[in-house]
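Asks: Below are the sequence and a predicted model; questions follow.
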Amino acid sequence: MNVIDHVRDMAAAGLHSNVRLLSSLLLTMSNNNPVFHLKLK
């Protein structure tokens, strides 16, 4: 594996974890805020 492939994999993994973190944060916010939860549906 060369450096570029490694960096690309690390960036993809980081992006994936960021998306999961954001979606879980949004879920938590919507669960704590009924108004936001209604708008989301």
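Replies: Thanks, I have the structure now.

Asks: any idea whether Met10 is helix, strand or coil?
Replies: helix (DSSP: H, G, I helix; E, B strand; the rest coil).

Asks: where's it relative to Leu27, distance?
Replies: Separation of Met10 from Leu27 (CB to CB, to the nearest Å) stands at 26 Å. Just so you know, the C-beta spots here come from the backbone N, C-alpha and C atoms, and that holds for glycine as well.

Asks: again with Ala13
Replies: 21 Å.

Asks: can you map out the helices along the chain?
Replies: In the chain, the helices defined using DSSP state H lie at 3-32, 34-40.

Asks: tell me the mean pLDDT over the last one?
Replies: It refers to helix 34-40. Average pLDDT, helix 34-40: 58.

Asks: For Ala12, give me the pLDDT.
Replies: 90.

Asks: Then Leu15?
Replies: Here, the pLDDT recorded for Leu15 equals 88.

Asks: Next, count neighbours for it.
Replies: A count of nearby residues for Leu15, using other CB atoms under 10 Å, gives 10.
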